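# Task: produce atomic coordinates for the following.
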Amino acid sequence: MDQAPSVILGLCSYTHDSAAALLVDGQLVGFVEEERLSQKKHTKDYPRHAVEWLLGEAGLSATDVDAVAYNFRPARYLIESPAALRLALSPTTRDRAVPQARGFAKVAMRTQLRLRDLGRRFPAARVTPVLHHRAHQLAAFAASGWNESAVLVVDSLGERQTTTIARGHDALRPRTRTLEAINDPTSLGYVYGAVTEHLGWRRGDEEGTVMALAALGDPGRDSGNSSPEPSASPPPASSSTRSTSRRGC
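Numbers count the residues shown, from 1 in each chain. Have a look, this model is predicted:
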């Protein structure tokens, strides 16, 4: 395209929590998670309802979309496939080397097929894969209101990156540049997922449940004391006591 596309559709799809966002002439029409319309919690389906709603709000159709941005880049997975074989150099990770290299190659092929599917859905659009962490960075910075800031992204895995620190600048045309990155297999997201699974919820799906319950936690409950010390001044009989139920705790 010789000029900047005027109708841009951003998509998160086929993994978890599918969503869509629409910009027309640089203005945000809206963004919506598919589960809000389909009533399928954490759905990974193509966000058909979200896309239809956004295009309907703008009075547009799929053929009017000039560009589609998708939040994974398949080529980066292919680059990481041979890199994963380096795990064979360490006795502690040797058994994971081949399965991980094979896994990166399979995800690369799967992601490429997804891009082709999006191309068929939007025949007039240029479909552009975006590095996963760059998508996170731009979304966070663009909504921050700052003209320049540091941007920290921590998740399980995006292509190979698990944690990135970037510089965001230019609020009118948001841009980010990654300064530092931590790569797979080192990942705080993996740790959080393991804790989630240990507590009885699904890894990679219900971490948000654990996050929400953390706000209701009692720091002294699991401090190691078999019999917690009573409070110095017990509450009066008329005061109410809140009881919370925690699954897996």
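
# could you pull out the strands for the protein?
For the chain, the strands defined by DSSP state E occupy 7-12, 19-24, 27-33, 67-70, 126-129, 148-158, 161-169, 175-183.

# For Pro219, which of those strands is the nearest?
strand 148-158 (22.8 Å; CB to CB). Backbone N, C-alpha and C define where each C-beta goes, glycine included.

# out of the strands of the chain, nearest to Pro91?
strand 175-183 (20.4 Å).

# So which bits of that closest one are buried?
Along strand 175-183, these residues count as buried under the neighbour rule (16 or more other CB atoms under 10 Å): 176, 178.

# For that strand, name the packing helices and strands.
For strand 175-183, the elements it packs on are helix 132-142, strand 161-169, judged by 3 or more CB pairs under 8 Å, 6 or more residues apart in numbering; DSSP states H and E.

# Would you reformat the strands of the chain as a markdown table and include distance to Asp45 and mean pLDDT?
Formatted as a markdown table, the strands of the chain follow (distance: least, CB to CB, whole Å; pLDDT from 0 to 100):
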| stretch | distance to Asp45 | mean pLDDT |
| --- | --- | --- |
| strand 7-12 | 11 | 96 |
| strand 19-24 | 11 | 96 |
| strand 27-33 | 12 | 95 |
| strand 67-70 | 15 | 96 |
| strand 126-129 | 18 | 95 |
| strand 148-158 | 20 | 93 |
| strand 161-169 | 26 | 95 |
| strand 175-183 | 29 | 94 |
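
# Can you tell me which of those strands is nearest to Tyr192?
strand 148-158 (7.8 Å).

# ok, now how distant is the residue lying closest to Arg96 once chain neighbours are set aside from Gly204?
Nearest non-adjacent residue to Arg96, counting by CB to CB, 6 or more residues apart in numbering: Leu87, 5.5 Å away. Separation of Leu87 from Gly204 (CB to CB, to the nearest Å) stands at 21 Å.

# CA-only coordinates of stretch 153-163 in PDB, if you can.
In PDB, the C-alpha atoms belonging to stretch 153-163 read as follows (Å, rounded to 0.1, in the frame of the first residue of the first chain):
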ATOM      1  CA  VAL A 153       5.700  -6.900  29.800                       C
ATOM      2  CA  VAL A 154       5.700 -10.200  31.700                       C
ATOM      3  CA  ASP A 155       3.800 -13.200  30.500                       C
ATOM      4  CA  SER A 156       4.300 -16.900  29.900                       C
ATOM      5  CA  LEU A 157       5.700 -16.900  26.300                       C
ATOM      6  CA  GLY A 158       5.400 -14.800  23.200                       C
ATOM      7  CA  GLU A 159       7.300 -16.500  20.400                       C
ATOM      8  CA  ARG A 160      10.500 -16.800  22.500                       C
ATOM      9  CA  GLN A 161      10.300 -13.700  24.800                       C
ATOM     10  CA  THR A 162       8.800 -14.100  28.300                       C
ATOM     11  CA  THR A 163       9.700 -10.700  29.800                       C
END
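
# what's in contact with it?
The contact list for stretch 153-163 (CB atoms under 8 Å, 6 or more residues apart in numbering) reads 72-73, 76-77, 79-80, 83, 131-133, 136-137, 140, 152, 164, 166, 178, 181-184, 186-190, 192-193, 204.

# What is the helix or strand of the chain with the lowest mean pLDDT packed up against?
Here the helix or strand of the chain ranked lowest by mean pLDDT, DSSP states H and E is helix 74-84, holding a mean of 78. Judged by 3+ CB pairs under 8 Å, 6+ apart, the packing partners of helix 74-84 are helix 94-121.

# Could I get the buried residue list for the helix it packs on?
Those would be 97, 100-101, 104-105, 107-108, 111-112, 114-115, 118, 121, for helix 94-121 by 16+ other CB under 10 Å.
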